[in-house]
Each structure stands twice: as structure tokens, then as C-alpha cells.
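here's a sequence, model it:
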Amino acid sequence: TATGVTAFYDIDTPVTLAKLEREDYEYLDPEIISKYDLYLSFSGGPILKHLEEHYGSPMARALYCSVDPDLYFPEDREKQWKMGYLGTYSDDRQPTVEELLNKPAAQFPSEKFVVAGPQYPENYNWSKNVERINHLPPAEHRKFYNSQEFTLNVTRQDMIKAGYSPSVRLFEAAACGVPIISDYWDGIHSIFEQGKEILIARDTSEVEKYFRNIPEKERKQIGENARQKVMQSHTAKARAKELVNYVKEVRQPSEKV
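I've put the predicted structure just below:
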């Protein structure tokens, strides 16, 4: 019955596709994908081609999450922690949190680390210098990021498998100008430039190397470079412009803002 451009906005595309493969059509039937003019996805990369070629979407495009720069911005705060992590406990992320935060913390006993988020096992063997915050309300997130020298980004396994799936936490931390140490996933380089805007770590030794070898001036510059990228490409304003372009592309493929 819609008379304008119709779009389906999927904020968890890998989960949707997994459900479709299991013939679980809770909220989307494969038959209807081809009827939407536009499939907007929180995940980009090869998944978009799959939506077009396998499910017949006329046009699948990435519309990533975004950050509000009025809520997330740099603050000149005393650094309470060498590195922190913000995220609810999950079985698939915890091995990475262990490898990239808990183990490095043990190697730097004079530094302080922090993990914020609920549902972590009470008896988990954290290093003595890892502080736990069980609940951190959104209003405290900016202060939390700005109180760290580095912040850790850890990605869910289904997002790693899909690739090209940046989380809102990634953009929020970058908007605060705090340097990010992240696990690797396909497409991360299309979001931030490695070494200049983000630091990629695959094991404990790489995190330790960053702590030991990056001087303060470079540390701050990496955070500022990421912030500039976010302000240019990953705010709500930037997403709105992308959406307008996609709608124009549906209506008249040669017309762009």
C-alpha cells in the first residue's frame, strides 16, 4: 500500500540472515525482501551483495549506527585507568577481553584497568588491578571514556563473521578522542585507518607493545584522528545525508546530493 520509496532497516543483519537460513521468519519473510525498494543494513561489505543476489533486494546499502556529538566529545579529565572496556558479559567476547585487557593488566601491575558492564561471573579471576563497575548508565559513558588512556573495543562473533559491522561503542569512544585498541574484523580498515586512527591487537603482546612504545603525543593524536573521522563520516547528520542519497538513487539513479 505504500506509495513512496519503501525500505527495510535492519539493525542486526547477520542475525536476520541466520534466521532466514533456518526458515525462522519471525519478522522478515525472504519473499518480501525483493519488494522493498531499499534494504538498509547495519552491516556493510559482502553481506550487501548477498542480499541482492540471493534474496533479490533491488538495492542493499549500509547505513551504519552513528554517534551524537553533543553527547560524546573530549573532556580534559585526569586519566583514572590505563585502559577500560565497556560491555555486557558474553561468552563469545570474554576470551578477547581476557586476552586484550586482563592479561595485559597482569603485566602492568602499577597501572589501573577497568571493566564496566553487567552479568560477569562473580568468581571471574580478574587481575588485582582491574576494577569492576557492574552498571554504568549512559549519562556516565562520556566521563568513562575520557578517564582512560586507551579504550578496548571487542566485537561479537556474529559481527566478526559478517565483517563491516562497527558498533555504536566504537563511534562513541572515538568521538571522545580516546585512542581505541580493537580486535580485528574484515572491514575495520574501511572505518578507521590502522595505526593512524585505531590500533588493532590480536594478542596480549600487541597490547603491551602499544603501552610501551606509543609516546603521549602520538597517543593523543591517534584519538584526535579518530574523532575527526567520526565527525566527518559517522554522526547522525552524516547518516541522514547518506539516507537522502539512497532514496534519490532509488528514484533517479543519477541524482545525488
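
could you list the low-pLDDT ranges of this protein?
Applying pLDDT under 70 to the chain picks out residues 254-257.

hey, where'd the helices end up in it?
Under the criterion DSSP state H, the chain contains helices at 13-21, 30-33, 46-53, 94-97, 103-107, 141-146, 157-162, 168-175, 188-191, 204-213, 216-233, 236-251.

just the ones you listed: most buried one?
For those, ranked by mean neighbour count under the definition mean count of other CB atoms under 10 Å, the leader is helix 168-175 at a mean of 25. Just so you know, the C-beta spots here come from the backbone N, C-alpha and C atoms, and that holds for glycine as well.

give me the contacts around it.
Helix 168-175 has contacts (CB atoms under 8 Å, 6 or more residues apart in numbering) with 65-67, 69, 72-73, 86-87, 141-142, 145, 151, 153, 180, 182, 191-192, 197-198, 223, 226-227, 229-231, 234.

for stretch 84-104, list every residue counted as buried.
84-87, 93-94, 96-97, 99-104 (16 or more other CB atoms under 10 Å).

just the closest of those to residue 122, please.
Nearest to residue 122 among these is residue 94, at 14.0 Å by CB to CB.

how near is that closest one to residue 154?
9 Å (CB to CB, to the nearest Å).

ok, residue 39 next?
Look at residue 39 and residue 154: by CB to CB, they are 28 Å apart.

can you check residue 64 too?
18 Å.

residues in contact with the residue positioned nearest the centre of the chain?
Geometric centre of the chain, nearest residue: residue 167, 2.2 Å, by CA atoms, centre = their mean. Applying CB under 8 Å, 6+ apart to residue 167 gives the contacts 65, 153, 155, 159.

run through the bridge partners of residue 116.
residue 86, residue 133 (DSSP bridges).
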